[in-house]
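Visitor: One predicted model, sequence on top.
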Amino acid sequence: MSSSTLRPAGGAPSAGQPEHTARARGRVLPFPITGQEVVLIVVIAVLWVALALTTPAFLTSGSIVPLLVAMAPVALIGVGMTVVIITGGIDVSVAGMVMVCAVVVARAMVESGAPLPVAVLLSVALGGLLGLANGVLIAYGRVHAIIITFGTANLFRFLGLQLFGGTTVDNIPGTLAVFGRGEAGRTLGVPHSFLIMLVVAAAAWYYLRHTPSGRHLYAIGGDADAARLAGVKVQRRVLSAYVLTGLLTGLAACFVIARGTSTLAPNVGAGMELAAIAAVVIGGTSIMGGRGSVLGTVLGALLVQTVTSGVTQLGWRSQLASLFVGILILIAVGADLLRERTRRTA
Amino acid sequence: MSTTVSPPAPAPQSGRPEAPDSRLRQLPALLLRALLTQRIVLLLVLLVAVVATFVTLSQRNYLTAPYDAGYMSAALISAVPLVMLGLAELLVITSGRGGIDLSVGAVVSLTSMVFGFGYGEWGWPLWPSILLAAAFGALCGAVNGFLIAYIGYPALITTLATYYAFSSLAIVVNDQQPISTQPIQEFFSAARSVPLGGGEDPLQVPLGILTFLLPTAVVVWLLLNRSTYGRRLYAIGTNDVAAQWAGIDVRRTRFLAYTAAGLISGLVAVVTVAQFASARPDAGVAGSGMALPAITIAVLGGVAITGGIGRVAGVVLATLLVVWLNAGILLAVPGNAGSQFQLFALGTVLVFAALLNGLTNRRYGRTG
Amino acid sequence: MSESQTSGADGASTPPPADRSERLSVTGVSKRYGAVHAIRNADMTVRAGTVHALVGENGAGKSTLIKILSGAADADTGQITFDGRPVTISGTAGAIALGIATVYQEPQLFPDLTVAENVFTGREITRRGRVDWSAQNARVVELLELIGLPARYATAPVSELSIAEQQQVSIAKALVGNATVLILDEPSAILTDTEIEVLFGVVRRLAASGVAVIYISHRLDELFVIADEVTVMRDGQTLGTWPIGELSVRRVVELMVGGALEDTPPEHRVPDAPPRLVLDGLGCEGEYSDVDVSVRPGEIVTLYGLIGSGAAEIAETVYGMRRATSGRMLLDGRPIAPSSPRAAKRLGIALLPANRKAQGLFSFQSIAFNISAGHLPLLSKFGVWMDRRRERQVARDFIQRLSVRTPHERQPVSAMSGGNAQKVVLARQLVERPPVLVLAEPTQGVDVGAKEEIHRIVRQLADEGTAVLIVTSDLAEAIRVSDRLQVVRAGTTTVEFGPGASQADVLAAAAGALEQEVA
């Protein structure tokens, strides 16, 4: 007769209650690391050990530093993308944003010799502006995010190509070397771009987990109408998610310039939207919104980059890496589906 | 919304008899409504406006070359893959439940290589090679369809994953090398233009329009508008719970939509090989790839991202609009900048159309 | 309206609260929707610390009154006083600000957030910009104790709770704003009996703490367990308020049904034939058990049951949407076990789904599309190409036969009224002249005229030899159309009535009055 629950749904206070109260005081939120994240950590660890055993060069800084420098911008954009996807949206225009920010900053450095702070501020502000355009259209135009960002992706690419003017930007000075893979880009051997990404991710983690507006993002992704009824400022929060993604993408553009050569080609940023989404999804954030974490995304980006580096380390065709990334995505989402299903039938 | 929640309000104008000219006065409102709710009407109006603008500019010699029938016809070469993949997206987006296919470009790449092997390396005759490409594309689509329809994966993620997998395989399968053997190079003739109609100066039409685009458009149109499958597809896209209660095999119908999208992508691979005179491993994913423009075209053509709404005519008209707009821009803005303005045109039109959709839905309710 | 001061039905178990002053009072409130008077001159007074039941048939005006009190609708006329002061309730936010909280049937919660977060979404306790988890948690633990959930639930994601527990969380959510009036809209409809017991415990505790609870329910037996006072509505009017001690199920039913003409349906002679559809001791674990029903060709049998009685699930089983776990189903004497709607349709069973919008309509498609959607093999050549002429013909036939009001068959159904749309969905079930027709809530949300037409059509189908099984929670309908009527209660078939049963008897049986009261 009684349908599903095996828990004591007791009307009378159960005997164990004081103990529960004590435990509840001890921990006020679910454990900060989800099962999927634990699995990711284990998988990454296993891969690193395996790679270290098979290719002794793997655990040297000559191999690890490029890995971390390569993953930093993807993870950074992924952090913004996580916030957007938690609200139930998506942003496929980030590749175009990277292009616009990168070319503007590169030209500013080449043509007017912009110093480091100006370059970074310019890039971040520009990214924020582009994100604002997305956010306004999505939050107030009430159109599905994927359509709007497909549209703005084209517009951003147009803008970027215009700024490139049909050629590459050459002789970029080393202003941004502090984010690069060279000696200037490291402190105690750890790349700055990676460290900055970690700090940003930690801040985003705190924001999402401990501030009211961060929690509201989850509520919006869970049920936007119910959130509105509960007094959440839905439009403003959604807008802020896209602006945040824009800001982080602007910063990521600086990393992208720094990790490359002194020449910037118009294909800069290509494919980064999909890479960021892949990192988010592998990290366990639900594409339906309402669930996800920044930690998972960082781990997802790290795993993707590990696979990519690993494939080249092993001397395989580098493009084989995307096959593995595709399979990883399917496994990660499949695990999530399976969990959902068992939870529903339990 | 027609709920009248008015108490017996002393509305001053309520008792006034309807003026005889009120119908006439309603005409602008009716036109506006048709423009906003009927995507085909809007696209037609825009298309006429674009063509008229450029023809006028051309006659006044503002353009670098004449914008005439011959030029417009030649421009259609780029419409072939665009319409076909737009139709593929039409099928999967119409199937509902967040339907979308990001992998079409990757399927084009991989199938290009398979076609290249069959026709260029193994010496298969043309028709079996084309069949091979179609079947292989369908197989790729079936992988998507199986995961989405039967396992329950979200379409966006599934096709993102297969995009990675297929594009990787396309590059690895022939060690990053394109296939451009003798038969493949000669296959370029399939992308030539042919004279259409008689007279002294017959219109030169790209052959692909006749051999690939039109047949595909007609078949998809028949499928959607005349076959039982089309009914099932629109039914599951409109309301898949109701479809299940009506006894429709929802999963199979959705599975077939993705399979068909893969099949069309396989045919696009053949077209692409002809255009490049080479089977290239990055045919469908180079640059911004083929999937994003195809989805853009579909949405612009009035395909509702929520499913159940979408017409072949919309996709075709949207493509013509974009292609002829691009062609005009190329003449108006000389040099490299012209091709960039195409992105601008595509993006602007898409955002504009999407905002219009939102407005229309709020104002008139949801319509086809 | 005269009202005697009540002393509470279960005064023995709860100490009478010190203060039973008027908390919320409604006088002369009216509300019209277009030409329809949803409520007229409604009066109701709810006292602090009491459970005030609001009962009435579907359409009697309960939900409109609740909408006005919760701020979801504005009254046209009348006065509302709160704690003795006249107030205007402006919007749901205004109601909440006053201290009037409403818990709707379907919990509006965020499944991936914890219970504590759900309770505080939109009004988080913060300290220096950060959510003060321990303060929130402490408050939620208090609330959980009040509503009888273990304290550890505070940090559990809502998705891990049962439906009943989620509803309790909704109540907690309503209470966190220090509500002094709590409206519970049919809280028991989706709960099992044991879960209802838990709910009652919560309601009693709240009343004891001084909250005024307005309790809406269709299950009249519940009132005698939980309510202190009962307000009865009929045809948009409040008939009065009585202390529960002065009422019986029978009396409430009589008030609800009123002097409405008990229209005796014309006698029908059902041809003597072996039953076409038999449910023999059918059961489905967790939903219903020991269901015995038989329908002969030409006969209309009704399963009458309130929401949550299990009647709807029985219909789903017959149509292959749900597998039975015990008992048998027989069609013309042969056992059947359809595994999908398609299988059921192949056997000749058609079903009109209960939820027209969610399960029936393809909303922005045409009438013809909606009718043919279930019969694509039949209306096509070789099952591949649509036979558009026949499709059109069938659609036009049914538009005429069922008098669907529309200019043509290409009209999208989204633009149609409830009754017309229902006829379209009904037409879909009739295309292949199924020997067995199951109708779930055939006239829900349908205006009176269309209702009569649909009943007439159903009778005609039966006269042509169809075996009709109706599943409904509409009492008047159950009595008017059926040749035999079986009451479904608590997941099983109970009493059976012949034609011309009195509404009061049937309702009393369904609402769970004692057997002797029915007899």
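Guide: That came through, no problem.
Visitor: Stretch C:253-273 spans what distance, first to last residue?
Guide: With Cα to Cα, to the nearest Å as the measure, stretch C:253-273 spans 36 Å from end to end.
Visitor: Spell out, range by range, the strands that occur in the stretch 51-200 of chain C.
Guide: Secondary structure of the stretch 51-200 of chain C (DSSP state E, counting those that start in this stretch): strands at C:51-56, C:77-82, C:85-87, C:100-103, C:126-127, C:130-131, C:181-185.
Visitor: do you know which of the ones you listed lies nearest chain A?
Guide: With Cβ to the nearest Cβ as the criterion, chain A lies closest to strand C:130-131 of these, at 4.9 Å. C-beta here means a position set from N, CA and C on the backbone, and glycine is covered the same way.
Visitor: ok, A:P56 to A:S63 distance?
Guide: 10 Å (Cβ to Cβ, to the nearest Å).
Visitor: now do A:R157
Guide: Taken as Cβ to Cβ, the span from A:R157 to A:S63 is 33 Å.
Visitor: Those two: who's more crowded?
Guide: Neighbour count, other Cβ atoms under 10 Å in any protein chain shown: between A:R157 and A:S63, A:R157 has more, with 27 against 18.
Visitor: Tell me who's in contact with the residue most central in space within chain A.
Guide: Of all residues in chain A, the one closest to the mean position by Cα atoms, centre = their mean is A:G78, 1.1 Å from it. Counting by Cβ atoms under 8 Å, 6 or more residues apart in numbering or on different chains, A:G78 touches A:276, A:279-280, A:283, A:297-298, A:300-301.
Visitor: With mean pLDDT as extra columns, can I get the strands of the stretch 51-200 of chain C in a markdown table?
Guide: Shown next, in a markdown table, are the strands of the stretch 51-200 of chain C (pLDDT from 0 to 100):
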| stretch | mean pLDDT |
| --- | --- |
| strand C:51-56 | 92 |
| strand C:77-82 | 91 |
| strand C:85-87 | 89 |
| strand C:100-103 | 88 |
| strand C:126-127 | 88 |
| strand C:130-131 | 88 |
| strand C:181-185 | 91 |
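Visitor: Tell me who's in contact with the closest residue to C:V202 other than its chain neighbours.
Guide: Among residues not flanking C:V202 along the chain, C:I147 sits closest, at 4.5 Å (Cβ to Cβ, 6 or more residues apart in numbering or on different chains). C:I147 is in contact with C:168, C:171-172, C:175, C:202, C:205-206, counting by Cβ under 8 Å, 6+ apart.
Visitor: now do 10 Å
Guide: A:11, C:165, C:167-172, C:175, C:198-199, C:201-203, C:205-206 (Cβ atoms under 10 Å, 6 or more residues apart in numbering or on different chains).
Visitor: What is the nearest of these to chain B?
Guide: Distances from chain B to the contacts of C:I147, taken by Cβ to the nearest Cβ, are shortest for C:Q167, at 23.7 Å.
Visitor: For C:I147, see how far away the closest one is.
Guide: C:Q167 is 10 Å from C:I147, by Cβ to Cβ.
Visitor: same thing with A:S193?
Guide: In terms of Cβ to Cβ, A:S193 sits 51 Å off from C:I147.
Visitor: Could you look up the SS state of the residue of the stretch 251-400 of chain C at minimum distance from chain A?
Guide: Proximity of the stretch 251-400 of chain C to chain A (Cβ to the nearest Cβ) peaks at C:G286, 4.9 Å away. Assigned with DSSP: H, G, I helix; E, B strand; the rest coil, C:G286 falls in the coil class.
Visitor: Hmm, it is touching C:E313, no?
Guide: Yes. Contact criterion Cβ atoms under 10 Å: C:G286 and C:E313 qualify, at 9.2 Å.
Visitor: neighbour-wise, which of those two wins?
Guide: Neighbours per residue (other Cβ under 10 Å) separate C:G286 from C:E313, with C:E313 holding more: 21 against 15.
Visitor: number of nearby residues for the closest residue to the more buried one other than its chain neighbours?
Guide: The shortest distance from C:E313 to any non-neighbouring residue, by Cβ to Cβ, 6+ apart, is to C:E287 (4.3 Å). Neighbour count of C:E287, defined by other Cβ under 10 Å: 19.
Visitor: Would you state the strands of chain A in chain order?
Guide: A:186-187, A:190-191 (DSSP state E).
Visitor: Determine whether any part of stretch A:230-246 lies close to chain B.
Guide: No. Stretch A:230-246 does not reach chain B (Cβ under 10 Å from any Cβ of the partner chain); its nearest approach is 13.3 Å.
Visitor: how about the strands in the stretch 351-500 of chain C?
Guide: With DSSP E, counting those that start in this stretch as the definition, the stretch 351-500 of chain C shows strands at residue ranges C:380-381, C:385-386, C:436-440, C:467-472, C:484-489, C:492-497.
Visitor: Give me the distance between the second one and the centre of its chain.
Guide: Offset of strand C:385-386 from its chain centre (Cα atoms, centre = their mean, to the nearest Å): 40 Å.
Visitor: pLDDT averaged over it - what is it?
Guide: Average pLDDT, strand C:385-386: 92.
Visitor: Please identify the residue most distant from the middle of chain C.
Guide: Chain C, farthest from centre, Cα atoms, centre = their mean: C:R128 at 46.0 Å.
Visitor: still on that earlier bit, between C:Q167 and C:I147, what contacts are shared?
Guide: Joint contacts of C:Q167 and C:I147 (Cβ under 10 Å, 6+ apart) are C:198-199, C:202.
Visitor: Sounds good, over and out.
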